[in-house]
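Trainee: have a look at this prediction, sequence included:
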Amino acid sequence: MVTVKIDGRTVTDLKARTILDIAGGAGIYIPTLCSHAHLAPFGACRMCLVKVEGMRNVVPACTTPVTEGMVITTDDEEIRGLRKNILSLILSEHPSGCILCDDRELCFKYHREPQKAGACTGCKTCPNMEGCELYRVAEKMGIRDIGMEIEYKGIPVKRDDPFLDRDYNICILCGRCVRMCDELRGVGAIAFTYRSQKALIGTAFDKPLVDSGCIFCGACVDACPTGALSEKRTKWGGRAEGVAITTCMLCPAGCSLGVEVKWDRVQNARPTERGANQGQLCLLGRFCVPPMVNAGRRMEYPMVRRNGVPVPVSWEEAFAHAAGKLKAYRPEQIAFVVSPWMTNEAGYLLRKLARSVGTDNVILASRLAARVAVPLKMALGQAGPKGTVADIASADTILVVGADLGISAPVLLPPIFSAHKRGAKVAFIGKSGRVPRYADMHVEPADINSFLTEVLGRMDAGDAAAPAGARDAADLAGMVKRGRLAIVFGDGLSGPGGERTVALLCNILSRAGGGALIPVWDGGNVQGMLDIGAWGKDELGPEIKALYLTEPIERIPDGVETVILQDVYRSDLMKMAEAVFPAAAFTETGGTATSMERRVQKVARCASPPRMALEDWAIIAKLACALGERGFEYASVEDVTREMFEAVPGMAMGLRPGGILLNFISDIGKMPACGRLTICSGKKASYRGVPIREVVEDLDRVLGKWGVPR
């Protein structure tokens, strides 16, 4: 706690580290363009100059530590003059016609939309018009004239990358993007290049971002204060009519999204400071949501099969047709496939419908869950794995096994990098895709289970007993005994032997004294589906005659006569389905989803589904009523949520504490051989069983560059 006098006021602050911190906490405005809440102080823009009694010169408030008894002046004639001169120099190389124009208030009031132009010459052609920090600083300081000629740099706009454009004509060299990429994400794809007046921010050898190691997380775009970095597809959309906070369901991390909506359509998606992501997103959540949900491939009308051809019909006719088909079969001949991208409420109702019909043929379309859910329950009990992103950030050793985090859960990479900078050891085991450059160990053993068995042995035997061939195992054994351990595993364990691998990981965690165990599931809401029991079998039996699908599958098993398809996108399965139900995407439905941290989070309806599409929970409830089943008369999704929380009390807790001490599994050799789940597609970066790269062209280009197979 420090107490200072600032502009004649006595201010006490418990957490302030710099003058800028304590001034901000006291509501005292100090202009800045290079400071950012997620970054360390940098002192590049020099806009935050202040006076401190006892110091000879003015000092930058963002980099000057605050000390007890300081006397600070943040605003006087000399300081205002210095700041104005600095801002004038910045504006002299920045298109600033709108910033200096006397009519800007009227213009902004009546002409809000940006105008398309080949080059940015003023705010009216700037894609960042609505959020320009440079404009706000100039407005606060009352800048109306800079007293010098404006020099337009004339640098060609770089438009050769997926997702974003780079216009260095409006870059002010604040360095935020470079620091985000290097300090927070640990990628280092961009840096300062050249010097003096030729200084720019770019890539090595001026390569496109797609060739520079960029992961297209969008952190640089969100950090840019001027719009020098902007999104290709959404930058000319103008001001959004509203922003809805929801949970991203494209991966199991459960990031918090701020979805911008205009004309009842999703226009953009940005990170919020809530949830596991804490202001960060990945290329899927940041750039792919609008083109995904607005794709022309969306299903829009209910259909039934007539004379071998699907034709649009009313919802009543579609439900009646589907119900008639399902009633023709005995309960044991009907099976339901649950999509792990549906909300908890939809999965709960589908499981309830199956039980009401009288069948236990319910399959969760998750290869990883089919392989490891049973051994996880054996090791951990009904509660299952526990652990949070905070556990990863505070761990002393982080073990990533069989997870391509760059695609399956990129939001985990910043806390892993943060822990590494703090001194934690990071090891990637198995096929892990693009391994970060800061990893301390990366091993791809020929037999991962033999390797982990050796690690267990070395945890007891120590390094001295390790032969040369077991050096990696001995090194890893030493790493996992360093202190707090966090283990993250992914869909690399969904193949043969994965059940034994997860049991070995549980044993390693137990021997290390406990810690966090986090599965990166192969679906946005696998954990929620497991928690509500929307998972009964691993594989379809030969007795199945009628199949109810909530996403496309790789193949229809032999013997199946009737297929009912409830889905978001059109697919070849529509040609053979007896009834087709168009479903809402996750941005168009309400309910909840459960993250890999076991957080039950709100999913909000941000926009309306296309045409006649309905929310998943509503489709299932209406079909149940058409089948004559009771207990499905819901007025809203909130009614379903309340019933679900009563039926599954543990879900209402929302959060489960991280950090566990596991029971030792003594006989790993008796682990069950789990289901193959060959009906599931298993494609990376998917939504409702459809690879997102098939809907978003730029993503296909990025994944192709990363070597991810189609």
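Mentor: Good, I have the coordinates.

Trainee: walk me through the domains of the chain.
Mentor: Domain assignment for the chain by automatic domain parsing gives 2-141, 164-293, 303-366+526-590+612-653.

Trainee: out of the ones you listed, which is closest to residue 704?
Mentor: Of all the domains of the chain, domain 164-293 sits nearest to residue 704, with 9.4 Å by Cβ to Cβ. Using the backbone N, CA and C atoms, a C-beta is placed for each residue, glycine as well.

Trainee: ends of the closest one, how far apart?
Mentor: For domain 164-293, the first-to-last residue distance is 19 Å (Cα to Cα, to the nearest Å).

Trainee: let me see the mean pLDDT of that domain.
Mentor: Average pLDDT, domain 164-293: 92.

Trainee: show me the one of the domains of the chain that comes nearest residue 601.
Mentor: domain 164-293 (4.4 Å).

Trainee: chain center to that closest one: distance?
Mentor: On the basis of Cα atoms, centre = their mean, to the nearest Å, domain 164-293 sits 13 Å off its chain's mean C-alpha point.

Trainee: tell me, how many residues neighbour residue 622?
Mentor: 20 (other Cβ atoms under 10 Å).

Trainee: now do the contacts for residue 489.
Mentor: With contacts defined as Cβ atoms under 8 Å, 6 or more residues apart in numbering, the neighbours of residue 489 are 400-403, 501-502, 505, 517-520.

Trainee: so residue 182 makes contact with residue 176?
Mentor: No - contact status for residue 182 versus residue 176: not in contact, 11.0 Å apart, counting by Cβ atoms under 8 Å.

Trainee: compare neighbour counts for the two and give me the winner.
Mentor: The neighbour comparison of residue 182 against residue 176 (other Cβ under 10 Å) goes to residue 176, with 28 against 17.

Trainee: how about that one, nearest residue that isn't a chain neighbour?
Mentor: In space, and not counting its chain neighbours, residue 176 is closest to residue 223: 4.0 Å by Cβ to Cβ, 6 or more residues apart in numbering.

Trainee: is it true that the one you found touches residue 175?
Mentor: No - with contact defined as Cβ under 8 Å, residue 223 does not reach residue 175; the gap is 9.5 Å.

Trainee: so what's residue 346 up against?
Mentor: The contact partners of residue 346, by Cβ under 8 Å, 6+ apart, come to 550, 589, 591, 615-617, 620.

Trainee: also residue 17?
Mentor: By Cβ under 8 Å, 6+ apart, the neighbours of residue 17 are 65-66.

Trainee: and residue 548, that one's in a helix?
Mentor: No - counting by DSSP: H, G, I helix; E, B strand; the rest coil, residue 548 is not part of a helix but strand.

Trainee: which stretch of helix or strand covers residue 624?
Mentor: helix 616-626 (DSSP states H and E).

Trainee: for residue 350, same thing?
Mentor: helix 344-357.

Trainee: strand partners (parallel or antiparallel) of the helix or strand just after that helix?
Mentor: Next along the chain after helix 344-357, taking DSSP H and E as the criterion, comes strand 362-364. Strand 362-364 has its sheet partners listed here by DSSP bridges as strand 334-338 (parallel).

Trainee: just give me how far the partner strand sits from the chain centre.
Mentor: That offset, for strand 334-338, works out to 29 Å (Cα atoms, centre = their mean).

Trainee: in that strand, what's buried?
Mentor: 334-338 (16 or more other Cβ atoms under 10 Å).

Trainee: farthest-apart pair in these, please.
Mentor: Going by Cβ to Cβ, the pair spanning the buried residues of strand 334-338 furthest: 334 and 338, at 13.7 Å.

Trainee: which stretches of the stretch 551-700 of the chain form helices?
Mentor: 616-626, 637-647, 697-705 (DSSP state H, counting those that start in this stretch).

Trainee: can you name the next helix or strand after the helix or strand hosting residue 509?
Mentor: In the assignment (DSSP H and E), residue 509 maps to helix 498-511. Later in the chain than helix 498-511, the nearest helix or strand by DSSP H and E is strand 515-519.

Trainee: buried residues in the next helix or strand along the chain from that following strand, which are they?
Mentor: Tracing the chain past strand 515-519, the next element assigned as helix or strand by DSSP H and E is helix 526-531. Of all the residues in helix 526-531, those buried under the rule 16+ other Cβ under 10 Å are 526-531.
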